[in-house]
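Colleague: Need a 3D model of the sequence below.
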Amino acid sequence: MRNAPSAEDIARMYRQMLVVRAVEEQLAVLHRQGKTRGPIHTCIGQEAAGIGATAPLEREDVVTSTHRGHAHFVGKGLDLRRVLAEIFGRVTGYCRGRGGHMLVASAADGLLGGNGIVGGGIPIALGQAFGFQLDGSRRVAVAIFGDGAAQEGTCHEAMNVAGLWKLPMVFFCEHNLYGLTVHARYQSSVPDLHVRAAGYGMPGVMVDGNDLLAVHGAMRDALDRARRGDGPTFVEAKTYRMTGFSTSDMGGYQPEEEMREWAARDPIARTRALLATMLDESSLEAVERAAAEEVEAAFAQAMADPFPDAAELDAPEYAVAEARP
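Modeller: Next comes the predicted model:
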């Protein structure tokens, strides 16, 4: 495989996947204890898609995320303590505790934000890609979204413009088979969404979203294409969320047999098995300990951080535009 990730690279991504899984499992526990506000949307079972999609990005590249974006936040290199502080409404969070878990953003890290609006991040990434093209930059904008958002008009409009203008953009669809509680077969006229890309003048690629290296390779090729000026790519990663839509979801609509089939394809177990062919057991255990220690420390620090001062609650939020000659 051209430019295949090294064992060290895969171990780093494995650690990130473990961090995401552990964070979300702990958040689910804390939600049941009443220590979080509002529902938490987890990506348990989708970690290879989120980490594999963001790992090949350069720091200057930008991403728009979703309501299910913890893997994207970690993969883009955000500080875990500050992500958790944002979720717990602490002043040390990326948005000073005002955004919550769906709306984490850090322009300095190339994360243009999660979004509580289904498909809402896609046109934002499109606009940023247009800006990069106008500047003659080699930077790429990546819109990450789910199969539900792929049915939205914003997705199709953005794909049309990106294909027409050959914008430096990647459309990355985490196809987890369910939009809220409804199976994709009842929402889409085609089972494989990447076939739509041809209608917008761009390549469409489908990968096993639970195969870390397959996702990484597809994204690397799409990013290379965008940097060459050849335009956008639509990458469809077939994956599955092993939990409900959110912590407020009562469940019961995912067939048990379907759940068992996808559990057997758990991306973390598969990545560990791959690494076991490259590293000895003690090295694997060291990676796993490091991930657990990172999560424990981040939770402890974030939950000890202060809440914002009530006097600042009405302070305006705005971006300062840089004047151009």
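Colleague: shaky segments in this protein?
Modeller: Within the chain, the segments meeting pLDDT under 70 span 1-3, 317-319, 321, 323-325.
Colleague: mind running it again at 80?
Modeller: Counting by pLDDT under 80, the chain contains low-confidence ranges at 1-3, 250, 312-325.
Colleague: most centrally placed residue in it?
Modeller: Nearest to the centroid of the C-alpha atoms of the chain, with distances taken as C-alpha atoms, centre = their mean, sits His72, at 3.1 Å.
Colleague: residue contacts, it?
Modeller: Contacts of His72 were listed using C-beta atoms under 8 Å, 6 or more residues apart in numbering, and they are Gly50, Ala53, Thr54, Val63, Ser65, Thr66, Leu111, Gly114, Ile144. In this view, the C-beta of every residue, glycine as well, is placed from N, C-alpha and C.
Colleague: Now do the closest residue to the third one other than its chain neighbours: how many residues are near it, please.
Modeller: This means Thr54. For Thr54, ignoring the flanking residues on the chain, the nearest one in space by C-beta to C-beta, 6 or more residues apart in numbering is Gly75 at 3.0 Å. Using other C-beta atoms under 10 Å, Gly75 has 28 other residues around it.
Colleague: And for Arg220?
Modeller: Look at Arg220: counted by other C-beta under 10 Å, it has 19 neighbours.
Colleague: Equivalent analysis for the one 10 residues further on, please.
Modeller: A count of nearby residues for Asp230, using other C-beta under 10 Å, gives 14.
Colleague: now swap in His156 and tell me
Modeller: Neighbour tally, His156, other C-beta under 10 Å: 16.
Colleague: what's the distance between it and Gly38?
Modeller: The gap separating His156 from Gly38 is 30 Å, by C-beta to C-beta, to the nearest Å.
Colleague: quick revisit: just checking, next helix/strand downstream of the one helix or strand the residue nearest to the centre of the chain maps to?
Modeller: Assigned by DSSP states H and E, His72 belongs to helix 70-75. Toward the C-terminal end, the helix or strand that comes next after helix 70-75 (DSSP H and E) is helix 80-87.
Colleague: Flag every buried residue along the following helix or strand past that next one.
Modeller: Sequence order places helix 122-135 as the next helix or strand after helix 80-87, per DSSP H and E. By neighbour count on 16 or more other C-beta atoms under 10 Å, the buried set for helix 122-135 is Ile122, Pro123, Ile124, Ala125, Leu126, Gln128, Ala129, Phe130, Phe132, Gln133.
Colleague: same question, stretch 36-48
Modeller: Going by neighbour count (16+ other C-beta under 10 Å), the buried part of stretch 36-48 is Thr36, Pro39, Ile40, His41, Thr42, Cys43, Ile44, Gly45, Gln46, Glu47, Ala48.
Colleague: quick one on the thing from earlier: restricted to strands, list the contacts of His72.
Modeller: In strands, defined here by DSSP state E, the members of the contacts of His72 are Val63, Ile144.
Colleague: For the contacts of His72, pick the one with the most neighbours.
Modeller: Gly50 (32 neighbours).
Colleague: That residue: what's it in contact with?
Modeller: Val20, Cys43, Gly69, His70, Ala71, His72, Val74, Gly75, Ile144, Glu174.
Colleague: Farthest pair within those?
Modeller: Greatest spatial distance among these (C-beta to C-beta): Val74 and Glu174, at 14.8 Å.
Colleague: quick one: contacts for Gly229?
Modeller: Here Gly229 is in contact with Lys166, Pro168 (C-beta under 8 Å, 6+ apart).
Colleague: next one: phi and psi at it?
Modeller: Gly229 adopts backbone torsions of phi 90, psi 20, taken as degrees, to the nearest 10.
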